[in-house]
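Novice: predicted coordinates and the sequence they were generated for:
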Amino acid sequence: CDYYDRKALITFTTSLPYPIFRRDSLSGYTQCDGTFPNEVTYFSFSPNPIIVGQNVTYTVTEVNTATIQEGATLNVTGYYQQKVAFNEVTDFCKEWIEASGYKCPLEPGTYSLVVSEYIMPGQNDPKNTTIDFDLRVEVANPGDPNTILTCLEGKYPMHYP
């Protein structure tokens, strides 16, 4: 009887689907439609939701098969009710790569990036509410903004105190 009990336990535990136990390594984000040479394998931000008027820390791990050139851009677009609510284009090398202790050009490999930034409140911000923006994040090398190296999409909740 002891043999069958163990066998039943093994059958039960191996029959559970793996994704139930797997943590979401991209915090609900997904790669955009298409093929991109550099893949984000981990993404998170804290606090979640982001609190306007405080710092937010982003943590990213990416596997690069294409070199990130000096002057590469990070294009972040936030949508609310399918309309552009904000768009920010920054120097990816200066704001992310160098801030994380690396230099551009960044050769192929696996890299972990950690960046903090202050979320500036605006005069017309809503009060005591949280808004879920749809975010699209793209990284492209200079001179060829049509060749996107990395692209992620997901919810970006912002709390306005």
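Specialist: In hand now; what should we look at?

Novice: neighbours of residue 123, just the number please.
Specialist: The burial metric for residue 123, expressed as a neighbour count using other Cβ atoms under 10 Å, is 4. Bear in mind the C-beta positions are built from the backbone N, C-alpha and C, glycine included.

Novice: quick one: classify it as helix, strand or coil.
Specialist: The three-state assignment at residue 123 reads coil, by DSSP: H, G, I helix; E, B strand; the rest coil.

Novice: measure it to residue 52 for me?
Specialist: Using Cβ to Cβ, to the nearest Å, residue 123 is found at 12 Å from residue 52.

Novice: same check, this time on residue 132
Specialist: 14 Å.

Novice: more neighbours: the two, which one.
Specialist: Using other Cβ under 10 Å, the more surrounded residue of residue 132 and residue 52 is residue 52, with 19 against 12.

Novice: which residues touch the more buried one?
Specialist: 119, 120, 121, 125, 158, 159, 160, 161 (Cβ atoms under 8 Å, 6 or more residues apart in numbering).

Novice: can I get those residues in JSON lines including pLDDT, secondary structure and distance to residue 28?
Specialist: As requested, these are arranged in JSON lines below (pLDDT from 0 to 100; DSSP: H, G, I helix; E, B strand; the rest coil; distance: Cβ to Cβ, whole Å):
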{"residue": "119", "pLDDT": "95", "secondary structure": "coil", "distance to residue 28": "19"}
{"residue": "120", "pLDDT": "95", "secondary structure": "coil", "distance to residue 28": "24"}
{"residue": "121", "pLDDT": "95", "secondary structure": "coil", "distance to residue 28": "25"}
{"residue": "125", "pLDDT": "94", "secondary structure": "coil", "distance to residue 28": "24"}
{"residue": "158", "pLDDT": "97", "secondary structure": "strand", "distance to residue 28": "15"}
{"residue": "159", "pLDDT": "97", "secondary structure": "strand", "distance to residue 28": "17"}
{"residue": "160", "pLDDT": "97", "secondary structure": "strand", "distance to residue 28": "21"}
{"residue": "161", "pLDDT": "96", "secondary structure": "coil", "distance to residue 28": "23"}
